[in-house]
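>>> quick one, what's the 3D model for this:
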Amino acid sequence: MKRRPDKRILTRILIAVACLGAVGGITALRVVHGPLLAGLVPDASESDDAGEASVESDTKTAGAASDPGEEPELIDPVGSIVRYVPAEFREISRVTTCQGIVCPDTTEYPYESTRLFGNYGVLPGESVQPGDRLFYGAEDSVEDQIDAIEEENADLLADFTNYASDAAVDISKAKKSEYEAAQAYQDMCAFAPEEDSPWYAGWAKGVMPAERAAKQAKGAREKLEQAFKERQEQFDLQYAYNEKRIERLRQENTAAGVSSPTDGVVVASAYHLPGDRITEGDPILAIGHPEEKEILCEYVSKSVVNKAEDLYALVEGKRYEVQYEVMEPEEYRRRKQKEVEVYTTFHLIDPSDEVSPGQYAVIVVVEERLTNVLCVPKDAVSRDERGSYVYLYDNGESVYTPVQTGTYDAAFVEILSGLKEGDPVIYDIPYTVGTKTQTVTRGEVSAPYTTDGFLYYPSAEWLTNPAKTGTCYLKEVLVNRYEQVEQGQALAKIEIVSDDIEIARLRRKIERQNERLVDLAKKRAETNDKEELESIDRTVRDRNRTIEVLTKQLDKLTRYTGIIEITAPERGIITDLTERKPGELIDTRERIVQLSLDDSCYIAIEDKGAKLSYGQKADVTVSVLNAKEQTIEGTVVTVSPWALSKELRTGFCVIRIPQEQMAAISDVAGSTAGDNGYWTRSRFRVEIMTGHMGDVLLVPKSAVYTAGTGNTYVIRKNPDGSVRLDRFVAGGSDNTNYWVAYGDLTEGLEICSE
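Next comes the predicted model:
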């Protein structure tokens, strides 16, 4: 790489060669190469062109060449070789490009409230239909609550049923007593003597106890019925309340997961494990709609778009119309406050459905364009207190000539008045054109992105200690991290020491209740008294109910005891293990072994520079110890980070490999796993072609001259031997060529090079 000249000198170099055919005796021109930094700024007033203008225009768009107080540098042609360039007609334009990528329209989905994460229902690259569950909430605690309430309701119902049965007997007896008392009172009333009879006083005295007994019997019956009514109302209220609690918990359980409202494909997911607490509003998963294509690129302000004379996209060398998606100022500020890289979205108009997600795209913004305007090099124009001026060459004399300037680009400035076409403008030309030539060709450019990959399991399940009672110890872990396991295989052993004292106490209680039942059975066989039989039956029901409750408590205490095994529910890979050591105490539901299923395995790679997105193809070379290396074609199934919020930007992209090939890799790698496990026994090398643009004009870098940011030029060799400096806008490059996004270069054009 040759040393870059001073910036002002460089600009003069570029401008000077515009019409070198008019000057003789000139030596070789230095070719200066520089990196392409194409992009847009929020407003045209902030562009490099505006900041580096060397001419202060007589119009609003012109820049300043020098400090107004600076003495103008006079060019004395006497005793030197005069170099000049003619004023000529050409296009002046401000064109910028912005590199982007085609992405599906993407929607993110969060929990509607803060809760524990359950698991994913769908994984990256999988299609979804309306109603499909995207992800779940943690359900165990909710189900436990529902079970407890249902058990409580069962107890309430059983107790009330027993009470109602007993109350029915008591009320029936009370009604019978009331009837008998009322009948006795009525019988006495039927034989009542006349009030003036000498027997009336005796009768009245005798009937009073009967009347009192009838009233008492009625009151006893009403009291029993009122007590039953109150008990029933209390039961109904408590039972209905529990039913509502169950319904609410079931609704919360359903709400703990989110279902897709539309069809699409999963294009991103955060890395969460079951039991992780997720804050309300944090996105968990994103759904893309490949039929609705967008181009995401560096930020382009609304003001730039509104002032642009032309705006379009290039994909595979073809022009496509786009629609700018306006970002409100509030949204822009919100993103900047969250330290999120702000991007711009353009909706791609593709009626023939020619473009696919993942393709490289370049947005071309023609901010200003003037065709066929009279121009001279910017650095040929100076300024004094009277305004802008140039020196014309006239028969060996330098003639001070005032001019009025207009629009400019990086190299040339428009002359509104003061010159005509062909006027020779004195300009110091320190270098000349190289003697070699290159040719503009048509072809394609791309850049390989190569990096190491690693296995990635977005869906994993922690297998936990199932015991809810007793003292639990980790006995042994039977597997290694990243080991392949089969369904039903033992993964760990847990030793559970039961509460023997409490178990013995419950068993004694049950035995006593059974002994009393035996006694009640004997007593029932020895009596024929109806009321006593009813009392015995009531007591038997109570004893059986007590035995049922005690048996449930005993079952909970003895369900897990001794040494139990945690087994694999399905075939998969062990991706994590507890840090507990054998013999250490563990809690109920403590995580022991993490299992990831075979069908949830992906290759993940770091996405440096946000070059990768959903739909791109990837070559994954798999190297497994003691096995033959193989290359498999995969597909990137996560969208560009530009399409995602900060919470879903992981810095990695995920590649999906056909499942049958992934399973074969897992089998080989798993069979070679040792103490270090699956992870260290395999290597993944990934190559993805990025920045691919086909059917475009290619300009060899050795023939390109650069100035400032994004200003690229070639020197055209005309058939008559003269040369001309031509600007083009590069959309990108590879190691050898720039490709032309804007400019009037043609295939086969010969250009000068060093």
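>>> only C-alpha atoms from now on, for both contacts and neighbour counts.
Will do.
>>> show me where this protein has helices.
Ranges of helices in the chain, per DSSP state H, are 7-16, 48-51, 140-190, 200-255, 302-307, 329-337, 500-525, 530-558, 659-671.
>>> I'd like to know which of those lies nearest to Glu112.
Glu112 lies closest, by Cα to Cα, to one member of these: helix 200-255, at 7.9 Å.
>>> summarise which helices and strands that closest one is packed against.
Packing contacts for helix 200-255, counted by 3 or more Cα pairs under 8 Å, 6 or more residues apart in numbering; DSSP states H and E, involve helix 140-190.
>>> winner for burial among the helices of the chain?
Highest mean neighbour count of those: helix 7-16, a mean of 21 (counted as mean count of other Cα atoms under 10 Å).
>>> any idea of the mean pLDDT for that helix?
Across helix 7-16, pLDDT averages out at 38.
>>> any low-confidence regions in the stretch 1-150 of the chain?
Applying pLDDT under 70 to the stretch 1-150 of the chain flags residues 1-82, 138-143.
>>> would CSV of the helices of the chain with distance to Val477 be doable?
Converted to CSV, the helices of the chain look like this (distance: least, Cα to Cα, whole Å):
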stretch, distance to Val477
helix 7-16, 68
helix 48-51, 64
helix 140-190, 24
helix 200-255, 33
helix 302-307, 60
helix 329-337, 47
helix 500-525, 27
helix 530-558, 24
helix 659-671, 18
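>>> and those helices, which one averages the lowest pLDDT?
For these, mean pLDDT drops lowest on helix 48-51, to a mean of 34.
>>> hang on, Asp598 packs against Ile573?
Yes. Assessed by Cα atoms under 8 Å, Asp598 is found in contact with Ile573 at 6.8 Å.
>>> of those two, who's got more company?
Each of Asp598 and Ile573 has its neighbours counted (other Cα atoms under 10 Å); Ile573 has more, 26 against 19.
>>> what's the spacing between the closest residue to the more buried one other than its chain neighbours and Thr578?
Excluding the flanking residues, the one nearest Ile573 by Cα to Cα, 6 or more residues apart in numbering is Gln484, at 4.7 Å. Counting by Cα to Cα, to the nearest Å, the gap from Gln484 to Thr578 is 17 Å.
>>> these two - which one has more neighbours?
The residue with more neighbours, out of Gln484 and Thr578, is Gln484; 26 against 14, by other Cα under 10 Å.
>>> need the pLDDT of the more buried one.
For Gln484, pLDDT reads 82.
>>> equivalent analysis for the one 10 residues further on, please.
Among the per-residue scores, Ile494 holds a pLDDT of 94.
>>> that one: neighbouring residues, count only.
Using other Cα under 10 Å, the number of residues around Ile494 comes to 26.
>>> Glu647 now?
Residues lying near Glu647 (other Cα under 10 Å) number 12.
>>> what's the answer for the one 5 residues further on, then?
Phe652: 17 surrounding residues under other Cα under 10 Å.
>>> where's the most far-flung residue of the chain relative to its centre relative to Ala204, distance?
Largest separation from the mean C-alpha position in the chain: Pro198, at 105.4 Å (Cα atoms, centre = their mean). Per Cα to Cα, Pro198 is found 11 Å from Ala204.
>>> could you do Val102 as well?
Counting by Cα to Cα, the gap between Val102 and Ala204 amounts to 108 Å.
>>> what of Thr401?
147 Å.
>>> can you check Gly422 too?
Gly422 sits 148 Å away from Ala204 when distances are taken as Cα to Cα.
>>> ok, now Phe117?
Distance, Phe117 to Ala204, by Cα to Cα: 82 Å.
>>> again, but for Val95
Distance of Val95 to Ala204, given as Cα to Cα: 123 Å.
>>> likewise for His347?
For His347, the distance to Ala204 - Cα to Cα - is 105 Å.
>>> ditto for Arg231
Distance, Arg231 to Ala204, by Cα to Cα: 40 Å.
>>> ditto for Lys175
Separation of Lys175 from Ala204 (Cα to Cα) stands at 26 Å.
>>> what of Pro110?
Pro110 is 85 Å from Ala204, by Cα to Cα.
>>> cool, and Arg724?
For Arg724, the distance to Ala204 - Cα to Cα - is 142 Å.
>>> same question, Lys420
145 Å.
>>> longest strand anywhere in the chain?
Counting residues, the longest strand found in the chain (DSSP state E) is strand 88-110.
>>> paired strands for it, with orientation please.
Paired strands of strand 88-110, with direction, are strand 283-298 (antiparallel), strand 360-377 (antiparallel) (DSSP bridges).
>>> buried residues in the last one?
Read it as strand 360-377. Using 16 or more other Cα atoms under 10 Å as the test for burial, strand 360-377 gives 360-369, 373-377.
>>> which residues touch the most centrally placed residue in the chain?
The geometric centre of the chain, computed from its C-alpha atoms, lies nearest to Leu648 (Cα atoms, centre = their mean), at 3.4 Å. Applying Cα atoms under 8 Å, 6 or more residues apart in numbering to Leu648 gives the contacts Ala268, Ser269, Ala270, Pro283, Ile284, Leu285, Pro641.
>>> could you rerun that using 6 Å?
By Cα atoms under 6 Å, 6 or more residues apart in numbering, the contact set of Leu648 is Ala270.
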